[in-house]
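J.: Okay, here's the prediction I keep looking at, along with the sequence it came from:
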Amino acid sequence: MIGSHNARPVASLAIVSALAAFLGGCETTGFSFGGGSTSAPVTNEPGVAPEMPATIRSDEIVGRWGLASYQNPNDRARTEAMARAQCKQPYVISAGSSGGVVMHLADQATPQELRLKGSPSGKNYIGPAGPTPGEQDREIVSFDGRVLVTRFIDKDAAVRYGNMVYVRCAPRA
């Protein structure tokens, strides 16, 4: 227990500590009280590679697709046939206004423009702007022009959705 003769120094120490933490937090966000920021510009975190172009162009996946999914790799051929049968009610991947593709993110009712992104490992991803691979991205597992297989990066979404198989509905142009 703190005696009354020690209460004032302890309270002062607590206030000084809180003020130091507050001011330290302001400086890390680039905020300054002097009118101009003297801190260096914020850079990417270490280990985050700059965005690389994908080896698949967005216009290659724009179109009408039958869609199905599988968990077990042994079910892929059967799933492709099921996806082909879905061409009566195709999933449409549209061209975005800034060069991407319009698709749904996991658990989102409204489609949005996503980017095709490459990586140093040679893998391609579809997702919003940001680090590659990001939690909302899906990896392009395979693509041959007629069949596109993707898998979500987010573990929970990957378990729920499995490997998404898109089979092109229209004949090749």
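T.: Looks like it arrived, so ask away. Residues are numbered from 1 along each chain as shown.
J.: residues contacting His104?
T.: 110-112 (Cβ atoms under 8 Å, 6 or more residues apart in numbering). To be clear about C-beta, it is placed using only N, CA and C from the backbone, and glycine gets the same treatment.
J.: Equivalent analysis for Tyr70, please.
T.: 76, 78-79, 162-163, 165.
J.: Just the buried ones out of those residues, please.
T.: Among those, the ones that count as buried by 16 or more other Cβ atoms under 10 Å are 79, 162-163, 165.
J.: one step back: any chance of JSON lines for the contacts of His104, columns pLDDT and distance to Ser121?
T.: Formatted as JSON lines, the contacts of His104 follow (pLDDT from 0 to 100; distance: Cβ to Cβ, whole Å):
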{"residue": "Thr110", "pLDDT": "97", "distance to Ser121": "31"}
{"residue": "Pro111", "pLDDT": "97", "distance to Ser121": "28"}
{"residue": "Gln112", "pLDDT": "98", "distance to Ser121": "26"}
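J.: And for the nearest residue to Gly96 once chain neighbours are set aside, the neighbour number?
T.: Spatial nearest neighbour of Gly96, chain neighbours left out: Glu113 (3.5 Å); criterion: Cβ to Cβ, 6 or more residues apart in numbering. Other residues within reach of Glu113, judged by other Cβ atoms under 10 Å, total 17.
J.: Kindly report the same for the one 3 residues further on.
T.: Applying other Cβ under 10 Å, we find 21 residues neighbouring Leu116.
J.: Now do the residue lying closest to it once chain neighbours are set aside against Ser98, distance only.
T.: Spatially, and ignoring its direct neighbours in sequence, Leu116 is nearest to Ala54 (3.9 Å; Cβ to Cβ, 6+ apart). Ala54 is 15 Å from Ser98, where distance means Cβ to Cβ, to the nearest Å.
J.: the more surrounded of these two?
T.: Applying other Cβ under 10 Å to Ala54 and Ser98 shows that Ala54 carries more neighbours, namely 19 against 8.
J.: Touching, that one and Tyr125? I think so.
T.: Yes. Using Cβ atoms under 8 Å, Ala54 is in contact with Tyr125, at 7.3 Å.
J.: Spell out which residues are contacts of both of the two.
T.: With Cβ under 8 Å, 6+ apart, Ala54 and Tyr125 have common neighbours 116-118, 140.
J.: among those residues, who's most crowded?
T.: Neighbour count (other Cβ under 10 Å) singles out Lys117 as the most crowded of those, with 24 neighbours.
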